[in-house]
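**Student:** no letters, just coordinates:
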């Protein structure tokens with residue numbers, strides 16, 4: 001409930017800030033550009049409501065979902 005108590009509530013928690021910083025550090029250590037945007041994208045996919053939807057409503061496999069999110073976060077940027 002704390003994630004959905006008000007719009008954007010999860011983004012204002014100390015836990016979210018800690019996880020975001022941690023993911024930015026990991027992505028930066030992997031020498032990926034736009035680490036902050038990639039971290040936001042990855043963490044958006046980890047919102048409890050989204051994960052619940054994927055697992056319960058779409059019947060996705062947990063291990064495959066983790067693999068897909070990791071692959072997306074580590075994917076090289078697309079050339080424009």
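**Tutor:** Looks like it came in fine. It should be emphasised that the depicted structure is a prediction, and the values quoted were computed from it without experimental measurement.

**Student:** name the spans of this protein whose pLDDT lies under the cut-off.
**Tutor:** Applying pLDDT under 70 to the chain flags residues 1-7, 78-80.

**Student:** what about the longest helix in it?
**Tutor:** helix 14-29 (DSSP state H).

**Student:** this structure: helices as residue ranges?
**Tutor:** Using DSSP H, helices in the chain cover 14-29, 35-44, 48-52, 62-74.

**Student:** most tightly surrounded among those helices?
**Tutor:** Mean neighbour count (mean count of other CB atoms under 10 Å) peaks for helix 35-44 among the helices of the chain, with a mean of 16. Backbone N, C-alpha and C define where each C-beta goes, glycine included.

**Student:** about what we covered before: and the angle for the longest helix of the chain with helix 35-44?
**Tutor:** If you take axes from the mean of the first three to the mean of the last three CA atoms, to 10 degrees, helix 14-29 sits at 130 degrees to helix 35-44.

**Student:** taking helix 62-74 as reference, get the angle to helix 14-29.
**Tutor:** Going by the same axes, to 10 degrees, helix 14-29 makes 60 degrees with helix 62-74.

**Student:** what does helix 14-29 contact?
**Tutor:** Contacts of helix 14-29 from elsewhere in the structure, counted by CB atoms under 8 Å, 6 or more residues apart in numbering, are 10, 35-36, 38-40, 42-43, 73-74.

**Student:** make JSON lines from the residues you listed and add distance to residue 59 to it.
**Tutor:** What follows is the contacts of helix 14-29, written out as JSON lines (distance: CB to CB, whole Å):
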{"residue": "10", "distance to residue 59": "24"}
{"residue": "35", "distance to residue 59": "32"}
{"residue": "36", "distance to residue 59": "32"}
{"residue": "38", "distance to residue 59": "27"}
{"residue": "39", "distance to residue 59": "28"}
{"residue": "40", "distance to residue 59": "27"}
{"residue": "42", "distance to residue 59": "22"}
{"residue": "43", "distance to residue 59": "23"}
{"residue": "73", "distance to residue 59": "23"}
{"residue": "74", "distance to residue 59": "25"}
